[in-house]
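**Q** Fold the following.
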Amino acid sequence: MDLICLAAGAGTRMGRLGGYLQKCMYPVGLRPFLEHALAQVLASDAVDPGRDRLALVVGHLAEQVRGHFGDAVDGLPIVYVEQTERLGTGHALSLAADVLRPVAPAIAWQADLFPTTAMVDAVARHPAPNVVTLGRGHEDESDRLRASVESDRVTRVWDGDGELFDVGLWKLAPAVLGRMTEVRAEKGEYRMLPNLQRSLDDGAEVGYVVADAWIHLGGTLPTPEANVRDVVRRVWAASDALLAGRATDAYSGAGAGDPGGFRAAEPQASTGGRRT
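**A** Presented below is the predicted three-dimensional model:
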């Protein structure tokens, strides 16, 4: 299963820090945030470094990402895709799809999200060809990110009326990836969710899983500073759990368990359209 990570953002929400540091390279200990995230992704049963590829879409301060990760991460080949214009997440996915030309659904995520192994496993296992990951957000989160669901399927991924929000980890079929630049926003960007909604309206099957935690470095609620502190704490906990699980595996051959204390996300019943 090929992977796509969107790491081209300018990090404007991180203030002056984003002027000289690529957001996904924010240090958590002696490793950048994205390295911690990739460790979680690579621990998933769905990822096979000998078979799969990772497309890293880069732009702002791309040399920092290239210089740190090089041509591969733990044996997984990296293909760098340059997004020279800031034309949005849909455009970035389209560029990656043009390079990878996947023949099966690919897993994609935004580089400021921390996707746990449990989240990646759940998205990969879901039987639907397209899957979004939903989670609970701050009460002041943008309503545009709200989803609407019925039973185990999504009816709206953009401007929905449910109590769950899209958190930025997806499984996308090749046909849907090929339609990521049909809807253009007022400011000229091609955003992922409105374009996915276009495919959904035309009959694409979209399932969902629910994550216990939405850990994203670019969040601004309740404040950017408070969010970063919480993200670092959670990333440390999940990374320590992953390392402890590997040590247990090496010693006894036992399973590593659920990294970071997160439960595996599963399809949920309808939220009934209630707002938080």
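**Q** Just give me the longest helix of this protein.
**A** Criterion DSSP state H: the longest helix present in the chain is helix 224-252.
**Q** Buried ones in that helix, by neighbour count?
**A** Pro224, Asn227, Val228, Val231, Val232, Arg234, Val235, Ala238, Ser239, Ala241, Leu242, Gly245 (16 or more other Cβ atoms under 10 Å). Bear in mind the C-beta positions are built from the backbone N, C-alpha and C, glycine included.
**Q** go on, stretch 73-89?
**A** Val73, Leu76, Ile78, Tyr80, Val81, Gln83, Leu87, Gly88, Thr89.
**Q** Stretch 143-150 too?
**A** Residues of stretch 143-150 classed as buried: Leu145, Arg146, Ala147, Ser148, Val149 (neighbour count, 16+ other Cβ under 10 Å).
**Q** Export that stretch to CSV, keeping only CA atoms.
**A** This file holds the C-alpha atoms of stretch 143-150, laid out as CSV (Å, rounded to 0.1, in the frame of the first residue of the first chain):
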residue,chain,number,x,y,z
ASP,A,143,-17.5,23.7,11.3
ARG,A,144,-16.3,23.3,7.7
LEU,A,145,-14.3,20.2,8.9
ARG,A,146,-17.4,18.6,10.4
ALA,A,147,-18.5,15.3,8.8
SER,A,148,-22.0,13.7,8.5
VAL,A,149,-22.3,9.9,8.8
GLU,A,150,-25.0,7.3,8.4
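**Q** how far is it from where the chain is centred?
**A** 17 Å (Cα atoms, centre = their mean, to the nearest Å).
**Q** Quick one: mean pLDDT over that stretch.
**A** For stretch 143-150, mean pLDDT is 94.
**Q** likewise stretch 248-267?
**A** Stretch 248-267 comes out at a mean pLDDT of 46.
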